[in-house]
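A.B. asks: Next come a sequence and a model predicted from it.
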Amino acid sequence: MILVKPKHKIIHKNMYPEELVEMAGRTCYKSENKVTHNSSKKFVRQLIDKGHHSVIEHANMTVKFICDRGVTHELVRHRLAAYSQESTRYCNYSRVVTFVIPPWVYIPPGEYNYLSSEAEIIRPVSTWYRAMLSAERDYKDLLDYGWSPQQARAVLPNSIKTEIVMTANLREWRHVFTLRCAKAAHPQMRELMIPLFEECRTKMPEFFEDITV
């Protein structure tokens, strides 16, 4: 007989995701003695093939996105995640307002103002272009009138640039990629997620190689 007292151990944060998942998974069967320097990737693939996806929730990934605010309204619907987003209440854009070009709007990135030529901007793209210029002007006017940023932001559109940091476990990222890379997803969401998915599939194939876009 062995008698012990309860205790805890904080798992080392510098473990690779696949190593962390293997450690957690093998705890279920007390098979830690089977861990080798190259066993983790194979172990993760076996978990996913068998549908034991709960084990990969032990590993997470943090990503910083730069996108328009409309996209983030969809992104934060994934509730098994933590978010920190640029605040239009406290950020003051009195110098310049930044907007995100949608994938169906063919305007080169750059800085524009009312003196910029619209000669090569075709309609209806020019309508969007002028709407962004107008929103910036109205926002700055309201600040000049004494409104605070949290008041003046009322005239800012979905196309305003925002930055958001998202942390989720790898099982949730698999779910995100499955939904947000699909053909039915919003074009701006696909523009954001497909490059991230391709990078993840390249760097962590054992977690994502079975997902197709």
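C.D. replies: Received it, and whenever you're ready, just let me know what you need. Numbering: from 1, shown residues only.
A.B. asks: ok, for Arg69, nearest residue in space, not its chain neighbours?
C.D. replies: Setting aside the residues directly before and after it, Arg69 is nearest to Thr162 in space (C-beta to C-beta, 6 or more residues apart in numbering), at 4.7 Å. (Each C-beta comes from the backbone N, C-alpha and C, glycine too.)
A.B. asks: buried residues in stretch 129-147?
C.D. replies: For stretch 129-147, the neighbour count (16 or more other C-beta atoms under 10 Å) marks 129, 132-133, 135-136, 139-140, 142-143 as buried.
A.B. asks: Now intersect those residues with the helices, please.
C.D. replies: When DSSP state H defines the helices, the subset of the buried residues of stretch 129-147 inside them is 129, 132-133, 135-136, 139-140, 142-143.
A.B. asks: just curious, which of those is nearest to Ser31?
C.D. replies: Among these, Met132 lies closest to Ser31 (C-beta to C-beta), at 58.1 Å.
A.B. asks: looking at it, that closest one is touching Ser159, isn't it?
C.D. replies: Yes. The pair Met132 / Ser159 is scored as a contact, 6.3 Å apart, by C-beta atoms under 8 Å.
A.B. asks: which residues are common contacts for the two?
C.D. replies: Common contacts of Met132 and Ser159, defined by C-beta atoms under 8 Å, 6 or more residues apart in numbering, comprise Phe99.
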